[in-house]
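Engineer: Let's see this in three dimensions:
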Amino acid sequence: MDAFYCFCFAPACLPSDLRFDDCGWEDPIEIRRLAGFDVILSRVPLGRFTGAEAEQRLADLEWLVPRAQAHDRVITRTMEWATVLPLTFATLFSSLPALALEVAARRRALLDFFERLAGREEWAVKVTMDRERAIAARMQSLYPEGGEVPAGGRGYLLKQRRRGEAEQAIGPWLKGQVARLDEALRPNCETLLIRPPRDEVVAIRACLVTRDRAPFLSEAIERNRDDFAEQGLDLHCSGPWPLYSFCGTS
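Structural biologist: A predicted model of the protein is given here:
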């Protein structure tokens, strides 16, 4: 059995000759106009994404990552022509009539989305922390003069005490640094969403930006980059990305 894999929805304005051959997807991709919208889809074997064997494949990063990257490349290619409502990886429909019914049922929400987010882009800003650099910077802040450190055991204990104080100071200090970054980002964002940090990333922001403000967002990050780096924090900005973070915002 086959199914229809759906990448994204777009207004009914995409060129009929838009090609996706170089996006890395293994099946033919087409544009279908359904219920007044353009839908980017591909006919795929249903068993590739459902069933016990599919669960094993989806857990295999060597299989999953190239296909997830191809999924995003298809959406990004569509973004060159229109505002796009992206769908998550492996969104399947049993038939074209079922897909058309879904699009028709979401008509009002889709119209609102395309009107509200026309000309907008999603940019990601991440902050990573080099803990040793951050501790060293906090120690320098707490003890700017350095001070005499006795030799032997007493000196070792003093250094350890100072390091402990610097480590305890990192939490409140980091909160303040991230708040300062938010203040620098907000003037260039229509919406600034806080995303949960993970691994070595200590702060993640999703920025909704009009296309004309995107360069100013990058400039704000560049103005702060060196100062943050001196404190053990590195700023990373990337985009534009599909509008996943803002599909549900009003």
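Engineer: how about the strands in this protein?
Structural biologist: Secondary structure of the chain (DSSP state E): strands at 2-11, 29-34, 37-45, 85-86, 92-93, 120-129, 191-195, 201-210, 233-241.
Engineer: Adjacent strands (with direction) for the fourth one?
Structural biologist: In the sheet, strand 85-86 lines up against strand 2-11 (antiparallel) (DSSP bridges).
Engineer: and the partner strand, how far out from the chain's middle?
Structural biologist: Here the centre of strand 2-11 is set off from its chain's centre by 21 Å, with C-alpha atoms, centre = their mean, to the nearest Å.
Engineer: Likewise for stretch 198-215?
Structural biologist: Centre-to-centre, stretch 198-215 and its host chain are 7 Å apart (C-alpha atoms, centre = their mean).
Engineer: if I look at the nearest residue to Leu193 once chain neighbours are set aside, how far off is His236?
Structural biologist: Leaving out its chain neighbours, the residue that sits closest to Leu193 by C-beta to C-beta, 6 or more residues apart in numbering is Ala206, at 4.2 Å. The way it works is simple: take the backbone N, C-alpha and C, and place the C-beta from them, glycine included. Noted for Ala206: a distance of 13 Å to His236, by C-beta to C-beta, to the nearest Å.
Engineer: Those two: which is more packed in?
Structural biologist: Ala206 (21 against 13; other C-beta atoms under 10 Å).
Engineer: where does the protein dip in pLDDT?
Structural biologist: 143-156, 158-163, 249-250 (pLDDT under 70).
Engineer: what residues do Ala206 and His236 have in common as contacts?
Structural biologist: Taking C-beta atoms under 8 Å, 6 or more residues apart in numbering as the criterion, Ala206 and His236 both touch Ala124.
Engineer: so the spatially most central residue of the chain bridges to which residues?
Structural biologist: Nearest residue to the geometric centre of the chain (C-alpha atoms, centre = their mean): Ala124, 5.0 Å. Using DSSP bridges, the bridge partners assigned to Ala124 are Ala206, Ser238.
Engineer: picking that back up, my guess is the residue nearest to Leu193 contacts Ser245, does it?
Structural biologist: Yes - counting by C-beta atoms under 8 Å, Ser245 is a contact partner of Ala206 at 3.8 Å.
Engineer: Which residues are in contact with each of these two?
Structural biologist: Joint contacts of Ala206 and Ser245 (C-beta under 8 Å, 6+ apart) are 122, 193, 195.
Engineer: now the first one: how far from Pro242?
Structural biologist: What it means is Glu122. Distance of Glu122 to Pro242, given as C-beta to C-beta: 7 Å.
Engineer: mind listing what Trp173 touches?
Structural biologist: Contacts of Trp173 (C-beta under 8 Å, 6+ apart): Arg138.
Engineer: And it, how far from Gly239?
Structural biologist: For Trp173, the distance to Gly239 (C-beta to C-beta) stands at 28 Å.
Engineer: next one: Thr91
Structural biologist: Thr91 sits 22 Å away from Gly239, taking C-beta to C-beta as the criterion.
Engineer: can I assume Leu243 is in contact with Glu122?
Structural biologist: Yes - with contacts counted by C-beta under 8 Å, Leu243 reaches Glu122, the gap being 5.0 Å.
Engineer: Pairing partners for Pro11 in the sheet, please.
Structural biologist: Phe37.
Engineer: Need the nearest residue in space to Ala214, chain neighbours excluded.
Structural biologist: Glu121 (5.9 Å).
Engineer: Looks like the one you found contacts Pro240 (just checking).
Structural biologist: Yes - when contacts are counted by C-beta under 8 Å, Glu121 is listed as touching Pro240 (3.6 Å).
Engineer: Next, show the common contact partners of the two.
Structural biologist: With C-beta under 8 Å, 6+ apart as the test, Glu121 and Pro240 both reach Ala214.
Engineer: what about the two, which has more around it?
Structural biologist: The neighbour comparison of Glu121 against Pro240 (other C-beta under 10 Å) goes to Glu121, with 20 against 16.
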